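In: Based on what follows, work out the 3D shape:
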Amino acid sequence: MSEGMEQRISALEARLAEAEARLQRQEDVEAIKRLQRAYGYYLDKSLYRAVADLFTDDGEIEIAARGVYKGRERIHDFLVALLGQGVEGPVHGHVGNHFQLQAIVTLADDGRSASARWRAWVQFGDLNGVANWLEGPYEVQYRKEGAVWKIASLIWFPTFTTPYADGWSKTFLPASQESAEMPPDRKQSHDGRTAPEVWVMPFHYLHPVTGREIAWPPKGKG
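Out: Presented below is the predicted three-dimensional model:
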């Protein structure tokens, strides 16, 4: 085989390896999106065992100002006790639709971990009872264990919570606080605030054009 042919074969092999790597990264991003969307659908119907099983053994969840619950079983117990009010599974007359939108997924260079930001739009309430609208961003960390992506850390804080009957032009409700009956394993990881207060959940990614870190207020300013 001539030297020129060997060089062409080598170049083709390099291009093939590069294409395979790009394909694998795209498949990983799609698997992460599927994982997170499954979380939303299970949460809709209060299938808390299925939700908890999406997490790593040492996974963490942090919802509003309730603090951090660590470990798959603690996550399950938290979901049942504080979101499900002690009940696992769908409840007659209850609506808990959980729309997850605007995904930005950032895969680590090694392809074994990733971060994502999502926006949740929530209908939550009971027939002839309390009904609220909620909205806010998720920041989620993922880890690939073997060939399977799992949630390693999930943080969500409401931009606002408002009664369905009033709407956000009239009434804002405070974020949920720590439970005295089921204290968290760790205090909340951020100084989250909900409307009418102003707060921006930290972005895990850099500005896609300038490459700068975006924060509000800007770092170094109060």
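
In: so who does the nearest residue to residue 127 once chain neighbours are set aside touch?
Out: Excluding its sequence neighbours, the residue lying closest to residue 127 (CB to CB, 6 or more residues apart in numbering) is residue 93, at 3.4 Å. In short, each C-beta sits where N, CA and C put it, glycine included. The contact partners of residue 93, by CB atoms under 8 Å, 6 or more residues apart in numbering, come to 126, 127, 128, 129.

In: now swap in residue 139 and tell me
Out: Here residue 139 is in contact with 115, 116, 117, 155, 201, 202, 203, 204 (CB under 8 Å, 6+ apart).

In: and which of the residues you listed is nearest to residue 137?
Out: Residue 137 has its nearest neighbour among these in residue 201, at 4.6 Å by CB to CB.

In: ok, now which ones touch the closest one?
Out: Shown in contact with residue 201 (CB under 8 Å, 6+ apart): 117, 136, 137, 139, 155, 157, 190, 192.

In: I figured the second one hits residue 156, correct?
Out: Right, the one you point to is residue 136. Yes: if you go by CB atoms under 8 Å, residue 136 and residue 156 touch, sitting 6.0 Å apart.

In: Neighbour count: these two, which is higher?
Out: Neighbour count, other CB atoms under 10 Å: between residue 136 and residue 156, residue 136 has more, with 24 against 20.

In: what bridges to residue 117?
Out: Note on residue 117: beta-bridge partners by DSSP bridges are residue 104, residue 139.

In: Just give me the neighbour total for it.
Out: Using other CB under 10 Å, residue 117 has 18 neighbouring residues.

In: ok, now residue 92?
Out: Counted with other CB under 10 Å, the neighbours of residue 92 add up to 6.

In: still on that earlier bit, among the contacts of residue 139, who's most crowded?
Out: If you count neighbours using other CB under 10 Å, the busiest of these is residue 116, which has 24 neighbours.

In: Who are the contact partners of the nearest residue to that residue once chain neighbours are set aside?
Out: Nearest residue to residue 116, sequence neighbours excluded (CB to CB, 6+ apart): residue 105, at 4.5 Å. Contact analysis of residue 105 by CB under 8 Å, 6+ apart lists 29, 32, 33, 114, 115, 116.

In: try 6 Å
Out: The contact partners of residue 105, taken as CB atoms under 6 Å, 6 or more residues apart in numbering, are 29, 32, 116.

In: cool, residue 60 as well?
Out: Contacts of residue 60 (CB under 6 Å, 6+ apart): 68, 70, 153.

In: Could you pick out which of those are located in strands?
Out: Those of those mapping onto strands are 68, 70, 153, per DSSP state E.

In: Need the contacts of residue 105 in CSV (columns: distance to residue 14 and pLDDT).
Out: Compiled in CSV, the contacts of residue 105 are given as follows (distance: CB to CB, whole Å; pLDDT from 0 to 100):
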residue, distance to residue 14, pLDDT
29, 23, 97
32, 27, 98
116, 30, 98
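
In: Touching, residue 100 and residue 39? I think so.
Out: No: with contact defined as CB atoms under 6 Å, residue 100 does not reach residue 39; the gap is 7.7 Å.
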